[in-house]
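S.K.: Quick one, structure for this:
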Amino acid sequence: MTGTWVPSVCVLIAVTLATLVIIDSFIYISTRYKERYLKEAAVELDDVLLQMPAGRIFDLSLAISAFCSFMTVVVFGAASSGFSWAKAVALGVIVAVASFPVPRLILRYLRIRRLGKFNEQLEDVLGAISSSLKAGFSINQALEAVAEENRPPISIEFRLLIQELHLGVSLENALENMCKRIESEDFELVAVAIITARQTGGELTSVLERLAAVIRERLRIYRKISALTAQGRMQAVVIGIMPFALMFLMSYIVPDAMAAFFRSVIGIVSCAVAIILVIAGFLMIRKITSIRV
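M.R.: Residues are numbered from 1 along each chain as shown. Presented below is the predicted three-dimensional model:
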């Protein structure tokens, strides 16, 4: 009797301990990931000046992921003739993982769009600062004039700069903080020019005018390159979508052949290789069409 129960008890204890270890590892990994996610989301919210808790972005990501997964299972069940819970759950998990970072991607898009608008407005702002300096204003007064204008996002950033100056922060440190906050290469040139002119006593108005001309030329070249590479970017999108669209259509046209294809090892391996090659081709085309000015 003892010889019969001892192996079973040992197996039960081993399975229980392994389950506890797996659960504890999962909780630890998920907690660390949530902490990193909240930290990065808080930085991205600050970049776009959105007054929203980072935890709400995480909750929104979970809600979108769950909704997309649920809708995928519903659509798959309604459209598929040979419904199986294993396929539905696997497809739902894939869609849930793919849709989870959507809010973060939206924040990054807003940040990129805000940075582009800031760079476009920077040329006019440099002209306004140069005109103010020619009229006898100090550099602080010229910056305050820009901050008082209602031209977001650049007026908001300069308003934050003026607030730091009123709190006793030096102009050099305030400009460095603004560079770190915006991460604009064009504004870094402006900040370096202002700091260098204050330290060496150079003529700041002519420097700002030359910088405005440089920024104007960079924007012109960037827009021209963007127009010339638009077809290549569209080709990358079409190449990335086309295989999946064809696979979806073939599932409706010849469902038996596609079902046999996905049940075979060669079919699964071929799909995996095709997905890797499609992603590699998409990234390669994007790399070719992404030209830094």
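
S.K.: Sketch out the helices for this protein, chain order is fine.
M.R.: 2-47, 54-79, 85-99, 102-134, 139-148, 154-166, 171-182, 185-200, 204-228, 230-253, 255-263, 265-289 (DSSP state H).

S.K.: Need the contact partners of stretch 195-204.
M.R.: For stretch 195-204, contacts defined as CB atoms under 8 Å, 6 or more residues apart in numbering pick out 130, 133, 139, 171-172, 175, 193-194, 207. Where you see a C-beta, it was placed from the backbone N, CA and C, and this is true even at glycine.

S.K.: Try it again at 6 Å.
M.R.: E172 (CB atoms under 6 Å, 6 or more residues apart in numbering).

S.K.: Can you give the distance of that stretch from its chain's centre?
M.R.: Centroid separation between stretch 195-204 and its chain, computed with CA atoms, centre = their mean, to the nearest Å, is 37 Å.

S.K.: tell me the mean pLDDT for it?
M.R.: The average pLDDT within stretch 195-204 is 76.

S.K.: Same question for it: list its buried residues.
M.R.: For stretch 195-204, the neighbour count (16 or more other CB atoms under 10 Å) marks 195, 197, 204 as buried.

S.K.: Show me how the record splits the chain into domains.
M.R.: Following automatic domain parsing, the chain resolves into domains at 2-109, 110-227, 230-289.

S.K.: Tell me which of those domains is the most buried.
M.R.: Mean neighbour count (mean count of other CB atoms under 10 Å) peaks for domain 110-227 among the domains of the chain, with a mean of 16.

S.K.: Relative to the whole chain's centre, how far out is it?
M.R.: 25 Å.

S.K.: pLDDT at the residue nearest the centre of the chain, what is it?
M.R.: Centrality entry for the chain: nearest residue to the mean C-alpha point is R108, 3.5 Å, by CA atoms, centre = their mean. At R108, the predicted lDDT confidence score is 84.

S.K.: Distance of it relative to L45?
M.R.: Distance from R108 to L45, counting by CB to CB, to the nearest Å: 11 Å.

S.K.: what's the overlap in contacts for those two?
M.R.: Joint contacts of R108 and L45 (CB under 6 Å, 6+ apart) do not exist.

S.K.: what bits of the protein have low per-residue confidence?
M.R.: 1-9, 11, 47-49, 78-86, 202, 291-293 (pLDDT under 70).

S.K.: quick one: A197 and M178, what's the gap?
M.R.: 17 Å.

S.K.: For E149, grab phi and psi.
M.R.: Main-chain dihedrals, E149, degrees, to the nearest 10: phi -70, psi 150.

S.K.: Without its sequence neighbours, what residue ends up closest to it?
M.R.: Of all residues not flanking E149 in the chain, S155 sits nearest, at 5.0 Å (CB to CB, 6 or more residues apart in numbering).

S.K.: for A257, same thing?
M.R.: With CB to CB, 6+ apart as the criterion, A257 has its nearest non-adjacent residue at 7.6 Å, and that residue is M250.

S.K.: Thought D256 was touching that neighbour, still the case?
M.R.: No: using CB atoms under 6 Å, M250 is not in contact with D256, being 10.9 Å away.

S.K.: Now render the buried residues of stretch 195-204 as a markdown table, adding distance to G232.
M.R.: Formatted as a markdown table, the buried residues of stretch 195-204 follow (distance: CB to CB, whole Å):
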| residue | distance to G232 |
| --- | --- |
| I195 | 39 |
| A197 | 41 |
| L204 | 41 |
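
S.K.: nearest to A272, of these?
M.R.: I195 (53.5 Å; CB to CB).

S.K.: The closest one and R56, how far apart?
M.R.: 38 Å.
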